[in-house]
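Visitor: here's my sequence, what's the structure:
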Amino acid sequence: MQGLEAQSTPQPSTAELLQRLLTVVEPPKRKRGLEIACALVLSLATTASAWCAYQSKLWGGAQMGRANAAVRASREGAVTTLAVLQARMFDASMFIAYMEARFDSNWTHEAFLAQRFRPEMKPAFEAWLKLDPLNNPSAPPSPLHMAEYAQKEAAEVARQEAIAAEGLEKARQARQVSDNYVLLTVLFASVLFFGGIARVFDSRLLRIVFAVFAVVLLLGTLSGLLTMPICRE
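Guide: Coordinates of the predicted model:
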């Protein structure tokens, strides 16, 4: 009798077994919305993080290029400064020789030297003579102290120093931008962490809390990313 009763017990059909398996394997429908939101957050954070890392590397290269340009300008300025000093020493030595010839009443030597002053020295020397420096104690001690004594190399030195200073400032700015992109990369990595961990909790409250925090952090970081400059160097 028991064998007949066991045989008469209805067995579940194949369709019912498959339905039970799908019920166990598939996530509840109430989780699908959260899963889609988390997937969207993770995809955006991953893409933005890769972009930030790329821009940080570009800005690091821009910093190096700008710093090298500043160093090159500074080196050229140093070379030009040396040329300026050499020219000034030559003008000073010519002026000393001229005054010695004048005091010795060596008019031939005096005229010879006066004709061979450098173009930058002649206007200053002529203006200095008009002040009667031998009898005028308020006159500058030498033509080198006159406003007319202008060395074109000195202007070049000032230009190169300005280029070097500007290059260093631009290099500092590029480094700051690169560091900011690194910070954004870290924030996007935090979004990936919170967005990923939100799906592992069984508690609905915890899932929602972490998902909302990931979304808020993503939106805030994206707003900061939109204000960042893009490297085109």
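Visitor: show me where this protein has helices.
Guide: 2-8, 14-25, 29-103, 107-115, 121-130, 152-197, 204-226 (DSSP state H).
Visitor: what number of residues lie near residue 50?
Guide: Per other C-beta atoms under 10 Å, the neighbour tally for residue 50 reads 12. Where C-beta positions appear, they are placed from N, C-alpha and C, glycine not excepted.
Visitor: quick check, pLDDT for it.
Guide: Looking at residue 50, its pLDDT is 93.
Visitor: repeat that for residue 17.
Guide: 54.
Visitor: ok so, going back, to residue 233, which of the helices of the chain lies closest?
Guide: Relative to residue 233, the nearest member of those by C-beta to C-beta is helix 29-103, separated by 4.5 Å.
Visitor: make JSON lines from the helices of the chain and add distance to residue 143 to it.
Guide: Shown next, in JSON lines, are these (distance: least, C-beta to C-beta, whole Å):
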{"stretch": "helix 2-8", "distance to residue 143": "127"}
{"stretch": "helix 14-25", "distance to residue 143": "98"}
{"stretch": "helix 29-103", "distance to residue 143": "6"}
{"stretch": "helix 107-115", "distance to residue 143": "11"}
{"stretch": "helix 121-130", "distance to residue 143": "4"}
{"stretch": "helix 152-197", "distance to residue 143": "15"}
{"stretch": "helix 204-226", "distance to residue 143": "60"}
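Visitor: what's the residue closest to the geometric middle of this protein?
Guide: Against the mean C-alpha coordinate of the chain, by C-alpha atoms, centre = their mean, the closest residue is residue 174 at 0.3 Å.
Visitor: that residue reaches residue 68, doesn't it?
Guide: No - using C-beta atoms under 8 Å, residue 174 and residue 68 do not qualify as a contacting pair, with a distance of 11.9 Å.
Visitor: low-confidence ranges, the protein, go.
Guide: Where the chain drops to pLDDT under 70, the residues are 1-32, 34.
Visitor: so residue 101 touches residue 95, yeah?
Guide: No - here residue 101 lies out of contact with residue 95, judged by C-beta under 8 Å, at a distance of 10.8 Å.
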